[in-house]
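J.: Predicted model and sequence follow; I will ask about them next.
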Amino acid sequence: MKKSSEIHLELRHVFKNFGGLQAVQDVSFEINGPELIGLIGPNGAGKTTLTNLIDGALNPTSGTIYFNKKRIDGLKSYQVARVGVGRTFQVTRAFRRMTVLENMMVPGLALHATAHRRDVEKKAWEVLEFLTFEHLANDYARSLSGGQQKLMELGRLLMLDPKIIILDEPFAGVHPKLMEKIYEYITTVNAQGKAFIIISHDMDTIFTLSKRLLVLNFGELIADGVPREVRHNPTVVEAYLGEEDDEYGLSIEELAAKAQPEQISQGQVAQIEQEGKDNG
Amino acid sequence: MKWIPNSIGILAVIALALVPFAYDVFPFLPPGLINDYTLHVLIIGFFYAMLASSWALLMGYGGQFSFAHMAFASIGAYTTGLLARYLATNALVGIIAGTIMAGLFGLVIGMLVLRLRKTYLALFTIAFAEIVRLVISAEKDFTEGPNGLSIEPLFPNGLDTGVFFFDKVSKIPPYYIMFVAMLVVLALMSWLAASRFGLFLKAIREDEEAAAAMGVDVVRYKIMVFVVTSMVAGLAGAIRAHYVTVIAPNDMIILWMSIVITMAVLGGIESLTASAIGGIVVFWALEYLRADFALTTIGAAILALILTVGVFQLVRYGAKRFFGVKSLKGVRNAVTGIISFVLALLVAQLLSVPVTTGITNAIYDLTGYIVPGTVDMSAWRLVFFGLVLMLTLRFYQNGLLYPIIQYFYRPGNLGETVAKRDAAGQMAEAEAGS
């Protein structure tokens, strides 16, 4: 896990249409150095599409993407991966009928055509140690729990030794304890000099974790800045608001809190119950 | 415990290498045990072993479900046959050309099916296999069509090794050629499967997009696996053509392709060796079952099967009810199974005649139909293997042989996995609950 010296990703006027649907419209931004970026936006805003465009799974309709001065928008997924852009998927995609160690070996061997198996295996054990997964090395990935698979996927990414890591919903449906572990992974690996783009609906985490926020809405980049600024950006607040007029003026965090029922305070619960009794 | 399957394997290879000279090495063997027919069954068995194991590489490792394997074998066979007919090439040149030709077709098919998954790939390859068969049938002027194309034997003038002389109909030279070809092909494919090629194939099988995101050149490896496995099929087909000396489009009907699939599935598609053994055993069984069988024998077999399951379940129930054994695992389970089988066989032996007679008499009383005393197995043996295939797919998806080999290679793994899965399940529940 050596320090990645040079990181420069640049998107210039990237568009993506699916038939008549404009999934991504005129998105431009740059990443310089090991930044920790949050990418947020309502459902269907084009976050995953944008990820796929950077990763090479999709080609942009127009616009260009450069990584370290190399144009990557025409490249295939595996070429982009070898250049230094690693990503996870929204749904965990472990190689289920392969052992954890084999899962680790795939990117390691794919990265260097001439790499010796022994060296790659050594590195795989290092990564497993980092994840505290050594005891699971020879288990089939399918026998791991969902959360463990997610963590294994993050370990697999390290084997690719990417310069930029894109995580699609790393915190979705994860046990709080595991969430801490993923949080720790991101900060540690980021400190080692890798840039992160993190897509998440978990507002609390994304606001405390990221140093810079990108907000997408209907395929357009409507905000780009430090979390504190973005939080009070009127366009962003409006985008998250939708039709519910009475909630206008709330910050994103407050709206996110509203979206999560378990975060309702005791007082509110009592109030709701009282309302229920009144109505019933 | 690896040494157990490994030494059994080495002994089996030595035994197979000695089969043609069995009576010279072991004079005490009963006469009639090994004859030309035995050699023939083994030669064709090796042919199917090559096909089944290369199909296992394609399907078990690469996840590419192809019905075109027999067609590739026939492409190899017709290439050498037609070259000999029009350019008068010898067997060696023909076999090499057949291998390359099958590889070229594999390349084209591999490129055409890149975007196809599972069912669509299967349909595509059925179409391809049928097209190859129909074209060869239709072009009678070139290929002799359904009448079959005659091909020179491997050694048209016999083979003189200095020590022995084998005439052109001797089964011994083709036996060794097919045997060595099978060993070489198996060794080569096992090496490939153990290398990064095999690892990437498995990753592609599991998840193409994730494999690509991990830097695997999916297109390249998918095409490569088609080329390699088609070449193996072509090689096997070309050698077989020179052994049986007449090839016909009927060799590649879907039925035979299904039998190749059965062989690989029964052995275990995730193991090249297991599916090769499956190929030899299933072909041997198919030949053995070709004969007419007395109704009482079949009755005994069916009875034994039913009784085995019955006794087995009874023992398990007894262990649970009276001895508090939660579940029988591993060796204890296997021993119980074997004892049940022996018991059932003894009981079936006693009951087969009265039960079979009773049933046939009952059928006669009810319908007036006289049940013949023997059964023509030529079709029923295929029914039997169809049933075995269905049961295997339903209950033992890893095949019948592969789990046994795995048992020795990963001792204690089964129990361990079960325990871990339980733990994982509990953790998943905890996650879901939170």
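T.: All right, it came through fine. Numbers count the residues shown, from 1 in each chain, chains lettered A, B, ... in the order given.
J.: Help me confirm that residue A:17 is found in a helix?
T.: No: looking at residue A:17 with DSSP: H, G, I helix; E, B strand; the rest coil, it is strand, so not inside a helix.
J.: What's the separation between it and chain B?
T.: Summarising the geometry, the distance separating residue A:17 from chain B, computed by CB to the nearest CB, to the nearest Å, is 21 Å. Glycine gets a C-beta too; all of them are placed from N, C-alpha and C.
J.: For burial, what's the neighbour tally of that residue?
T.: Summarising burial for residue A:17: neighbours were counted as other CB atoms under 10 Å in any protein chain shown, giving 14.
J.: which residue packs closest to residue B:25, ignoring adjacent ones?
T.: Excluding the flanking residues, the one nearest residue B:25 by CB to CB, 6 or more residues apart in numbering or on different chains is residue B:18, at 5.4 Å.
J.: Which strand or helix spans the one you found?
T.: Secondary structure assigned from DSSP states H and E places residue B:18 in helix B:3-18.
J.: Kindly report the same for residue B:202.
T.: Going by DSSP H and E, residue B:202 is in helix B:196-206.
J.: How about residue B:400?
T.: Since the elements are taken from DSSP H and E, residue B:400 ends up inside neither a helix nor a strand.
J.: Ok, residue B:209 next?
T.: With elements delineated by DSSP H and E, residue B:209 resides in helix B:208-213, which encompasses its position.
J.: can you list contacts of that helix?
T.: When contacts are taken as CB atoms under 8 Å, 6 or more residues apart in numbering or on different chains, the neighbours of helix B:208-213 outside the stretch itself are A:55, A:57, A:76-78, A:81, A:86-87, A:89, A:93-95, A:106, B:200, B:203-204, B:218.
J.: In helices only, show me those.
T.: Secondary structure of those is defined by DSSP state H; positions in helices are A:55, A:77, A:78, A:81, A:106, B:200, B:203, B:204, B:218.
J.: tell me which residues of stretch B:7-27 are tucked away?
T.: Going by neighbour count (16 or more other CB atoms under 10 Å in any protein chain shown), the buried part of stretch B:7-27 is B:16, B:20.
J.: Ends of it, what's the gap?
T.: In stretch B:7-27, first residue to last residue: 24 Å (CA to CA, to the nearest Å).
J.: how about the residues of the stretch 101-250 of chain A near chain B?
T.: Within reach of chain B by CB under 8 Å from any CB of the partner chain, the stretch 101-250 of chain A has these residues: A:102, A:105-107, A:109-111, A:117, A:138-140, A:143-148, A:156, A:160, A:173-176, A:178.
J.: Report the buried members of those residues.
T.: When neighbours are counted using 16+ other CB under 10 Å, these contain these buried positions: A:102, A:105-107, A:109-111, A:139-140, A:143-148, A:156, A:160, A:174-175, A:178.
J.: Just these: which are in helices?
T.: Counting by DSSP H, the part of these found in helices is A:102, A:105, A:106, A:107, A:109, A:110, A:111, A:146, A:147, A:148, A:156, A:178.
J.: Taking those residues, tell me the two that lie furthest apart.
T.: Spatial extent of those (CB to CB) is set by the pair A:109 and A:178 at 27.9 Å.
J.: ok so, going back, wait, which of the ones in helices among the contacts of helix B:208-213 is closest to residue A:233?
T.: Ranking the ones in helices among the contacts of helix B:208-213 by separation from residue A:233, with CB to CB as the measure, puts residue A:55 on top at 27.6 Å.
J.: which residues does the closest one contact?
T.: When contacts are counted by CB under 8 Å, 6+ apart, residue A:55 is found next to A:77, A:80, A:81, A:85, A:87, A:166, B:213.
J.: Relative to chain B, how far out is the second one?
T.: Distance, residue A:80 to chain B, using CB to the nearest CB: 8 Å.
J.: Same question for the fifth one.
T.: Counting by CB to the nearest CB, the gap between residue A:87 and chain B amounts to 6 Å.
J.: thinking again about what came up before, from the ones in helices among the contacts of helix B:208-213, which is closest to residue A:209?
T.: Set against residue A:209, the nearest of those by CB to CB is residue A:55 (21.3 Å).
J.: Give me the distance between the helix holding residue B:18 and the centre of its chain.
T.: 19 Å (CA atoms, centre = their mean, to the nearest Å).
J.: again, but for stretch A:93-101
T.: How far stretch A:93-101 lies from its chain's middle: 21 Å, per CA atoms, centre = their mean.
J.: what about it, start to end distance?
T.: Using CA to CA, first and last residues of stretch A:93-101 are 15 Å apart.
J.: tell me which residues in it are buried?
T.: Burial within stretch A:93-101, assessed by neighbour count using 16+ other CB under 10 Å, is assigned to A:93, A:94, A:95, A:98, A:99, A:100, A:101.
J.: tally of neighbours for residue 70?
T.: Unless you meant another one, I'm taking chain A. With other CB under 10 Å as criterion, residue A:70 counts 11.
J.: wrong one, I was asking about chain B
T.: Neighbour count for residue B:70, taken as other CB under 10 Å: 25.
J.: tell me which parts of the stretch 201-350 of chain B are close to chain A?
T.: Contacts of the stretch 201-350 of chain B with chain A, taken as CB under 8 Å from any CB, map to B:202-203, B:205-207, B:209-219.
J.: In chain B, where is pLDDT below threshold?
T.: In the prediction, chain B carries residues with pLDDT under 70 at positions B:326-331, B:411-434.
J.: Which stretches in it count as strands?
T.: For chain B, applying DSSP state E gives strands covering B:149-150, B:159-160, B:165-166, B:246-247, B:293-294, B:374-375.
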